[in-house]
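[1] Dropping a prediction and its sequence here:
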Amino acid sequence: MSATPQTQQDLDRIAGLSYLNPAAPEPWASFVEQIERVRPYLGSLERWIETLKHPKRTLIVDVPIERDDGTVAHYEGYRVQHNLSRGPGKGGVRFHPDVTLNEVMALAGWMTIKNAAVGLPFGGAKGGIRVDPGSVSKGELQRITRRYTSEIGIIIGPDKDIPAPDVGTNAMTMAVMMDTFSMNRGGTATGVVTGKPIALGGSLGRQEATGRGVFITAREAGRQMGVPIEGARVVVQGFGNVGGIGARLFHAAGARVIAVADHTATLVNEAGIDIPAAMAHAAENGGLKGFAGASPIDIEDFWRLECEFLVPAALEGQLTVERAAGVRARIVVEGANGPTTPAADDVLRERGTLVVPDVLANAGGVTVSYFEWVQDFSSFFWTEDEINERLERIMVGAFSAIWKLAQEKHVSLRTAAFIIACQRVLEARAERGLYP
Ligand SMILES: NC(=O)C1=CN([C@@H]2O[C@H](COP(=O)(O)OP(=O)(O)OC[C@H]3O[C@@H](n4cnc5c(N)ncnc54)[C@H](O)[C@@H]3O)[C@@H](O)[C@H]2O)C=CC1
Ligand SMILES: O=C(O)CCC(=O)C(=O)O
């Protein structure tokens, strides 16, 4: 039997071993720092702030599959339910070779804040598998997805935790997850995941929703700053679901997308890139590499391009202090989760660059996921116009509340969004009380 820790030294040693170690690496450390920044604004709710630094439930699963060549491979998977105070967990599933528990914890935390900031009745969750989906066959990927779903099946469900697509996953992944969960349960459960194909209870507008939300919040920020979309120069990092569709909407609204980047290429064309052509090229070739309508540019020069809107829509930690110091954008609109470190946030603020934070800018996806979940429960489906109108209303309303608070308190939009969200989450937490 192990002894009860007695000394500060014991306690420090144990804290150092914990996955909540305050010296934990990025991006969880960034999330914790963002939470700390709202402490002075929480009043009596401050008593509960530690809740947000302790994910409620953290599941690590082994995902073994038989590969096509008959060998057995093991992948590490995660599902983290960061907070469930306001409703079931909600958040995507990432398939990427760099996925770690630390990353999934941070992504789950940002989901808690995002869902509360825009007023959705969900807690925050996220999942992932450390796998490069491009390195396995279609059959292997399906076996990985099925085994992962079965392993996390003990904690997900339409009223418990509802996954959705994120980096490296899509509607097909969700179809396989829905089918596996339903088979294990012995009854079709469309509401267990969102972002599904339409034929399986998916929602019109979900695929476009995150990019659409990025565009709406950029437009609103532009209105406040006197920067119209029409004629604006736009730079977009990440050319997948969020960056690609976001770029297309900017392009369609008369903006000039002058640079785009993905994991295969970083390209510039000051005259404006033909975004539909670039998207067609990326779809056909697995990336932007080889697209003839723009020229390669060094990634560090990419961040320094003069523009009105800079949209990081790839991965976390891209806008570092060093890069932020060279940014020449009027407005940064975070399509990705966690693209700007807290220290880089400060640099951008000092330089007068407005940052529309991820927990607001990319909330369009989870908002339409909420619509999908509601439609699945009622088995009554809405038109695309109804969905886009409701999305517009929620995004504009959330932007305006966050903008107003930021002006009142003289804080960044990120801190204002976190204040609103933390108040909602911690008020729910306090109302629920402690058990026993
Ligand atoms: N799909 C969704 O509905 C939502 C996604 N997000 C966030 O948006 C970001 C992008 O997600 P998706 O577009 O869904 O993923 P995706 O898998 O569709 O696309 C990811 C894109 O990022 C690019 N990329 C990856 N590593 C890169 C690197 N080192 N440098 C430049 N580009 C790189 C890829 O080439 C690809 O174009 C992630 O941070 C995700 O968490 C946020 C809200 C919702
Ligand atoms: O649609 C959802 O449920 C979650 C999307 C997501 O993972 C995100 O907003 O980061």
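    Yes, it's here. Numbers count the residues shown, from 1 in each chain. Ligands and ions are numbered 1, 2, ... in the order given.
[2] Could you use CA atoms for every contact and neighbour count after this?
    Will do.
[3] now the helices for the stretch 201-350 of the chain?
    206-225, 241-252, 275-285, 299-303, 321-324, 342-350 (DSSP state H, counting those that start in this stretch).
[4] what's the average pLDDT for the fourth one?
    With pLDDT averaged residue by residue, helix 299-303 scores 97.
[5] re earlier: can you say which of the helices of the stretch 201-350 of the chain is nearest to residue 72?
    Set against residue 72 and scored by C-alpha to C-alpha, those come closest in helix 275-285, at 30.2 Å.
[6] near ligand 1 at all, that closest one?
    No. Helix 275-285 does not reach ligand 1 (C-alpha under 6 Å from any ligand atom); its nearest approach is 8.5 Å.
[7] angle of that helix against helix 241-252?
    150 degrees (axes from the mean of the first three to the mean of the last three C-alpha atoms, to 10 degrees).
[8] Counting by contacts, list what helix 275-285 packs against.
    With contacts taken as 3 or more C-alpha pairs under 8 Å, 6 or more residues apart in numbering; DSSP states H and E, helix 275-285 sits against helix 241-252.
[9] wait, does the helix it packs on contact ligand 1?
    Yes. Helix 241-252 reaches ligand 1 (C-alpha under 6 Å from any ligand atom) through 241, 242, 243.
[10] For residue 313, see how far away the first one is.
    When C-alpha to C-alpha, to the nearest Å is the yardstick, residue 241 and residue 313 sit 9 Å from each other.
[11] ok, those two, which is more surrounded?
    residue 313 (30 against 21; other C-alpha atoms under 10 Å).
[12] Could you tell me how far that one is located from residue 173?
    Relative to residue 173, and taking C-alpha to C-alpha, residue 313 is found at 21 Å.
[13] Next to ligand 1, which bits of the stretch 201-350 of the chain? Give me the list.
    Counting by C-alpha under 6 Å from any ligand atom, the stretch 201-350 of the chain sits next to ligand 1 at 210, 237-243, 261-263, 313-315, 335-337.
[14] and these, which are buried?
    Buried subset of those (neighbour count, 16 or more other C-alpha atoms under 10 Å): 210, 237-243, 261-262, 313-315, 335-337.
[15] From those, pick the one nearest ligand 2.
    Comparing these against ligand 2 with C-alpha to the nearest ligand atom places residue 337 closest, at 6.3 Å.
[16] any residues touching stretch 251-259, and which ones?
    229-236, 247, 250, 266-273, 275, 302 (C-alpha atoms under 8 Å, 6 or more residues apart in numbering).
[17] Please state the mean pLDDT value computed over that stretch.
    The model assigns stretch 251-259 a mean pLDDT of 98.
[18] same check, this time on stretch 90-107
    If you average the pLDDT over stretch 90-107, you get 96.
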